[in-house]
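how would this look folded up:
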Amino acid sequence: MSEQVAIGINGFGRIGRLVARAAIENPKTKVVAINDPFMDLEYMAYLFKYDSTHGKFDGSVETKDGNLVVNGEVIHVFAARNPSEIPWGKAGATYVCESTGVFTTTEKAQAHIEGGCKKVVISAPPKDSTPMYVMGVNHK
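The predicted structure follows:
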């Protein structure tokens, strides 16, 4: 198998958790970091394991040394409010899913690049001229 694509997730609400589940279940991707300044680690683990809509996560979820450990894989957890202060590069994240609903312009999302990732995918509709792609509609 080729090298996995390493992703980081900013915002661990409904969208962030669903992105994490999908990425963890896909052998081509690996979640290496999550940032959420408004959620403590134990609550993060609980919400990831037990989803009222999608059911219980079918795997192991625990916390260790300030990190989330899912299926034995360590996911670095950060609590920065400013995206430029999130050490995405040090955590190994190539791509970041911006799922807070706050950093929805190219200028604001650029702060993640300053943190060391290469690309940012904004999960909410952009508030500027940032291109928006919808699978099955205009993704090509």
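
M39 contacts G11, doesn't it?
No - counting by CB atoms under 8 Å, M39 stays clear of G11, with 9.2 Å between them. Placement of C-beta: from N, CA and C, glycine included.

neighbour-wise, which of those two wins?
Neighbours per residue (other CB atoms under 10 Å) separate M39 from G11, with G11 holding more: 24 against 19.

thought that one was touching S99?
Yes - A contact is recorded between G11 and S99 when judged using CB under 8 Å, the distance being 4.1 Å.

Check the offset of stretch 109-129 from the chain's centre.
Relative to its chain's centre, stretch 109-129 lies at 12 Å (CA atoms, centre = their mean, to the nearest Å).

Please identify the buried residues of that stretch?
Neighbour-count burial for stretch 109-129, with 16 or more other CB atoms under 10 Å as criterion, is recorded at A109, A111, H112, I113, G115, G116, C117, V120, I122, S123.

before we move on, what about stretch 16-28?
Residues G16, R17, L18, V19, A20, R21, A23, I24 are the ones in stretch 16-28 that count as buried (16+ other CB under 10 Å).

Which of those sits closest to A33?
The shortest gap between A33 and any of these belongs to A20, at 10.6 Å (CB to CB).

Residues in contact with the helix or strand where that closest one lies: which ones?
If you go by DSSP states H and E, A20 is part of helix 14-25. Helix 14-25 has contacts (CB atoms under 8 Å, 6 or more residues apart in numbering) with 7, 9-10, 12, 29-31, 34, 36, 47-48, 51, 54, 57, 59, 70-71, 73, 97, 99-100, 123.
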